[in-house]
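Peer 1: all I have is the shape, not the residue letters:
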Ligand SMILES: O=C(O)c1cc(=O)[nH]c(=O)n1[C@@H]1O[C@H](COP(=O)(O)O)[C@@H](O)[C@H]1O
């Protein structure tokens, strides 16, 4: 589990704010891994070993594990246990429900003694409001990562609806800021929305932003940094497919490392440029 201070210290030490997305798809992993008893875990283990010194966070996306039933859940549990202790380990579950149901989701992903999974952070949808988010915040030291402005094309359907003077995504940030501080709440903002970062920083000057959408979705790391970086960095930039499927041959872990290294080097430059390191 990483506090805000520890996360910032890791970013400075590793000169990286990379989050490696573990969106592990059995149809995309190298053929030779299918001979292993748990190909998904075997794939993740090798990706983690190849990238751990280059990133500060991992983000398995729950859908990719739930899709395979019991086997997928076991792979997720084993992956969670294998994740390094000095990275922020995020479950991308995008949950949101009434309080007593959220309480069970929180237990599922945060309470290692109960479920086998002790993630540090979870992505949640905010639209059911405060009581749907509270149960996650009840876990001391765990992070809640709230969807604000997503990378998806469909973000325009609701997130840009005018609510009073604000777009809905702005209202989400303003309200969620009243639930907990920047030491417990992060916001998801897609890299494909980089021009909005200046605006978002007005409402969330200190919060870390989880930024998916570089790599396969075409977002610009440079623009994200230009408009979104703070004196503490304030960014976790996720890449999934562009890293983990850089090759589907025997060299997949080396290829993933090369891709992560290229991002880490760009990130080191950005951190220096902004005076974070
Ligand atoms: O919450 C997320 O992580 C998320 C939010 C968003 O707005 N857009 C988005 O792509 N994501 C997730 O980030 C990852 C992006 O994967 P790649 O496009 O392969 O790098 C996937 O796991 C998505 O579910």
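Peer 2: In hand now; what should we look at? Given the structure is predicted, the values throughout are model-derived calculations rather than measurements.
Peer 1: which ones are touching the spatially closest residue to residue 159 that is not a sequence neighbour?
Peer 2: Once flanking residues are discounted, residue 159 sits nearest to residue 169: 4.2 Å by CB to CB, 6 or more residues apart in numbering. (Glycine included, C-beta is placed from N, CA and C.) Residues near residue 169 by CB atoms under 8 Å, 6 or more residues apart in numbering: 148-149, 155, 159-160.
Peer 1: try 6 Å
Peer 2: Residue 169 sits next to 148-149, 159 when contact means CB atoms under 6 Å, 6 or more residues apart in numbering.
Peer 1: that one should be in a helix, yeah?
Peer 2: Yes: per DSSP: H, G, I helix; E, B strand; the rest coil, residue 169 lies within a helix segment.
Peer 1: for the closest residue to residue 60 other than its chain neighbours, phi and psi?
Peer 2: Using CB to CB, 6+ apart and skipping the chain neighbours, the partner closest in space to residue 60 is residue 22 (4.1 Å). With angles defined as degrees, to the nearest 10, residue 22 sits at phi -100, psi 70.
Peer 1: and residue 208, how many neighbours?
Peer 2: Residues within reach of residue 208, counting by other CB atoms under 10 Å, total 27.
Peer 1: quick check, pLDDT for it.
Peer 2: For residue 208, the model assigns a pLDDT of 98.
Peer 1: not counting its neighbours along the chain, what's nearest it?
Peer 2: residue 186 (4.4 Å).
Peer 1: so that neighbour, which of the three states?
Peer 2: strand.
Peer 1: still on that earlier bit, highest neighbour count among the contacts of residue 169?
Peer 2: Neighbour counts for the contacts of residue 169 (other CB under 10 Å) peak at residue 148, which has 29 neighbours.
Peer 1: isn't that residue right up against residue 174?
Peer 2: No: the criterion here is CB atoms under 6 Å, and residue 148 misses it with residue 174 at 10.4 Å.
Peer 1: and the residue nearest the centre of the chain, what is it in contact with?
Peer 2: Here the mean C-alpha position of the chain is nearest to the C-alpha of residue 59 (CA atoms, centre = their mean), at a distance of 4.9 Å. Contacts of residue 59 were listed using CB under 6 Å, 6+ apart, and they are 19, 21, 90, 92, 238.
Peer 1: equivalent analysis for residue 112, please.
Peer 2: Contacts of residue 112 by CB under 6 Å, 6+ apart are residue 118.
Peer 1: for the stretch 151-277 of the chain, which residues are neighbours of the ligand?
Peer 2: 151-152, 188, 190, 212-213, 215-217, 238-242 (CB under 6 Å from any ligand atom).
Peer 1: please pick the buried ones from these.
Peer 2: 151, 188, 190, 212-213, 215, 217, 238-240, 242 (16 or more other CB atoms under 10 Å).
Peer 1: which single one of those is nearest to residue 129?
Peer 2: Distance to residue 129, by CB to CB, is smallest for residue 188 among these, at 17.2 Å.
Peer 1: the residue in the stretch 1-150 of the chain that the ligand sits nearest to: neighbour count?
Peer 2: Going by CB to the nearest ligand atom, the ligand is nearest to residue 150 of the stretch 1-150 of the chain, at 3.0 Å. Residue 150 has 20 neighbours, counted by other CB under 10 Å.
Peer 1: just the pLDDT for it.
Peer 2: We have a pLDDT of 97 for residue 150.
Peer 1: quick check: it touching residue 190?
Peer 2: Yes: contact status for residue 150 versus residue 190: in contact at 5.3 Å, counting by CB under 6 Å.
Peer 1: hey, where'd the strands end up in the stretch 151-277 of the chain?
Peer 2: 162-163, 166-167, 185-189, 209-212, 235-239 (DSSP state E, counting those that start in this stretch).
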